[in-house]
Each structure stands twice: as C-alpha cells, then as structure tokens.
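>>> Test case, fold it:
(one chain, ligands or ions: 2)
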Amino acid sequence: MSSDAALILEAANFAAEKHKQQRRKDPEKTPYINHPLGVARILSHEGGITDTAVLQAALLHDTVEDTNTTFEEIELHFGQDVRNIVEEVTDDKTLPKMERKRLQMEHAPHCSQKAKLVKLADKLYNLRDLKRCTPEGWSEQRVQEYFQWASEVVKGLRGTNSILEGKLDHMFMDQGIAV
Ligand SMILES: Nc1nc2c(ncn2[C@@H]2O[C@H](COP(=O)(O)OP(=O)(O)O)[C@@H](OP(=O)(O)OP(=O)(O)O)[C@H]2O)c(=O)[nH]1
Ligand SMILES: [Mn+2]
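Ligands and ions are numbered 1, 2, ... in the order given. Below is the predicted model:
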C-alpha cells in the first residue's frame, strides 16, 4: 500500500472512532462518519484532489467542532499542515449560532486554498443531503435559509476548484438562488 493511502486510512479510522456515538439529523439517523467520508470522496472523486493533507483534513474536519478532539491531538497524529486546515474550517461552538454563521461568511475569502477546498466539499455534501431528505424538525423555510447562507459562504470561496463550484452553482440555481 502507498504511504499516502495509509495516512488517509489513519485519518478515516481516527474520525470513525471520534464520531462513533454521533448520528446525522436525518430520520434514518445515519452514522455521522458518512459525512466526513463523503466530503473526502467529493474532493478526490469529483474535485480531482490528490493532496493527502487536504483529504486527511476533510476526514477530520468536524472532529474538533463536534467531539472532544483537540487541535493538539490532530497535530500530534497528523502534523501541522493538517491541523492548520482543520483549524481553519472549525466553527467556535461557544458562540451563538447566528454569530457562527456570520463569521463563516466573513472568514471564507481569507481561508487558505486547502481550507477553501474542504469548505466547498462540506457545503456540497450538506446541500445534497438536504435535497436527499429534510433533517428532523427543519421547516422548508429553514432549508431555504441554509441554501441562501451557503451561497453567501461559497461566494467567498470562489476561484478554488471550478468543478466543485460549478456543481454548487447548479444546486443554487435549482433552488432559485442567483449566483
Ligand atoms: N444537511 C444535513 N446536515 C446535517 C445532517 N446532520 C447533521 N448535519 C450537520 O448540520 C449542520 C448544519 O446545520 P445547522 O443547524 O445550520 O448548523 P449547526 O448544526 O452547526 O447548528 C452541518 O454542519 P457542518 O458540516 O459543520 O457544516 P456547516 O453547515 O456548519 O458549515 C451538517 O453537517 C443532515 O442530516 N443533513
Ligand atoms: Mn461538515
């Protein structure tokens, strides 16, 4: 096996252990790990990304935000490059939700190219997931507001990967949002 494949599997396994108690918000209660795996897969299979640190960061991108994982732990296991990307895509969960949403819009244009790639794939996965089925307790209006907000964040991520941006644009247009 190539050493890059081994590094990627190590990140997948780390994320699986960290997210093991967590489920998605869909009625089926899909295991949460499906999301980071899908985000990494979008980058490799759709975006053409082969950068190992980006694929590892995609697998790990919600571990600090949503589990007891620390940035130090990420750095120890996966190095500073991966830690930096994960740090850039992690929301501060101690802030109120509206503030977190506003900060994502504000920070997006200032992210590194590697962090922008993870953010584009994260949004693409979540929007597809919203189309697949509505999370429990979400109204149609909340779904539409998520699309609207995501389109604002994606505006700040443009010029990074034309394939992913094109697919996101199709989703926004499909939803009646001008891009
Ligand atoms: N579409 C969808 N999303 C789900 C589902 N289960 C969990 N999520 C997660 O919910 C988040 C979006 O829901 P919100 O209500 O807007 O945000 P919050 O969970 O952070 O409060 C995303 O977090 P995130 O990945 O950190 O991205 P971001 O949207 O916060 O940038 C997404 O991964 C599901 O079944 N469908
Ligand atoms: Mn995510």
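
>>> any idea how far residue 112 is from the most centrally placed residue in the chain?
In the chain, the C-alpha nearest the mean C-alpha coordinate belongs to residue 122, at 2.7 Å (CA atoms, centre = their mean). Relative to residue 112, residue 122 is positioned 15 Å away (CB to CB, to the nearest Å). C-beta: built from backbone N, CA, C; applies to glycine.

>>> again with residue 88
Taking CB to CB, one finds residue 88 at 6 Å from residue 112.

>>> okay, those two: which has more neighbours?
Each of residue 88 and residue 112 has its neighbours counted (other CB atoms under 10 Å); residue 88 has more, 18 against 14.

>>> Show me which residues of the protein sit near ligand 2.
Within reach of ligand 2 by CB under 5 Å from the ion, the chain has these residues: 62, 122.

>>> what about residue 165, how many residues close to it?
Around residue 165 there are 18 other residues, counting by other CB under 10 Å.

>>> and if you look at the one 3 residues further on?
Around residue 168 sit 24 other residues, with neighbours defined as other CB under 10 Å.

>>> Contacts only, for it.
Shown in contact with residue 168 (CB atoms under 8 Å, 6 or more residues apart in numbering): 120, 123-124, 127, 150-151, 154.

>>> for residue 127, same thing?
Taking CB under 8 Å, 6+ apart, we find residue 127 in contact with 146-147, 150, 168, 171.

>>> and which of the residues you listed is nearest to ligand 2?
Of all the contacts of residue 127, residue 150 has the smallest distance to ligand 2: 11.6 Å, by CB to the ion.

>>> Excluding residues flanking it in the chain, which one is nearest the closest one?
Using CB to CB, 6 or more residues apart in numbering and skipping residues adjacent in sequence, the residue nearest residue 150 is residue 123, 4.9 Å away.

>>> Show the contacting residues for the one you found.
Residue 123 makes contacts with 150, 153-154, 168, as judged by CB under 8 Å, 6+ apart.

>>> Buried ones in the longest helix anywhere in the chain, by neighbour count?
In the chain, with assignment by DSSP state H, the single longest helix is helix 113-132. The neighbour-count criterion (16 or more other CB atoms under 10 Å) identifies 114-127, 129-130 as the buried residues of helix 113-132.
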